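Q: Please work out how this folds:
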Amino acid sequence: MGKTPPDWRQFAVYVSGGVICALADIGVMQLMLVTGFHSAWASSAGFVVGLLISFAFHSRVTFNAAASPAAFTRYLCLVGLNYALTLGCVTLAELGFDNPLAGKILSLPLVAANGYLFGKYWIFK
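A: Here you go, the predicted structure:
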């Protein structure tokens, strides 16, 4: 009959999964830094671990969908889109207010909403 109302419980699970992935990302990075790895390697490894956990968590827990190469490819497209969105917010805040951190903070809820909607209706449908 009309549009389906937002599933706030599912969105809360999505955000919780994001927090878990961020903690894994930071944890791997810190562990690698403490053991002597260069910051670029540590940061990259943390990012990859967080990305893989995020895909697995959201496919199985948030959206109860089978992981597939096609879904992972769509997920990587979303990662690129969200990265561009983040850079755009940071750039606009830096140009407009000389405050790139404000742009980063502004981008967080936009990226979360974007990720959830693309996950629900495109990646894991």
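
Q: all contacts plus neighbour counts: C-alpha atoms, from now on.
A: Noted.

Q: packing partners for the host helix or strand of Ala40?
A: Per DSSP states H and E, Ala40 falls inside helix 39-57. Under the contact criterion of 3 or more CA pairs under 8 Å, 6 or more residues apart in numbering; DSSP states H and E, helix 39-57 touches helix 8-34.

Q: Quick check: what element follows the helix or strand containing Arg74 along the chain?
A: In this assignment (DSSP H and E), Arg74 forms part of helix 69-97. Beyond helix 69-97 in the direction of the C-terminus, DSSP H and E gives the next helix or strand as helix 100-118.

Q: Check which residues of that next one are buried.
A: Within helix 100-118, the residues scored as buried using 16 or more other CA atoms under 10 Å are 100, 102-104, 107, 111-112, 114-116, 118.

Q: Ok, stretch 20-36 next?
A: Buried residues in stretch 20-36, counted by 16+ other CA under 10 Å: 21-22, 24-30, 32-33.

Q: Tell me the gap between that stretch and the middle of its chain.
A: 16 Å (CA atoms, centre = their mean, to the nearest Å).

Q: Low-confidence bits of this protein, can you list those?
A: Applying pLDDT under 70 to the chain flags the ranges 1-6.

Q: Would you map out the domains in it?
A: According to automatic domain parsing, the chain is divided into the following domains: 7-64, 67-125.

Q: Need the buried residues of helix 100-118 in a markdown table (columns: distance to Ala42).
A: Supplementary listing: those in a markdown table, determined by distance: CA to CA, whole Å:
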| residue | distance to Ala42 |
| --- | --- |
| Pro100 | 23 |
| Ala102 | 25 |
| Gly103 | 25 |
| Lys104 | 21 |
| Ser107 | 24 |
| Val111 | 23 |
| Ala112 | 24 |
| Asn114 | 27 |
| Gly115 | 25 |
| Tyr116 | 27 |
| Phe118 | 29 |
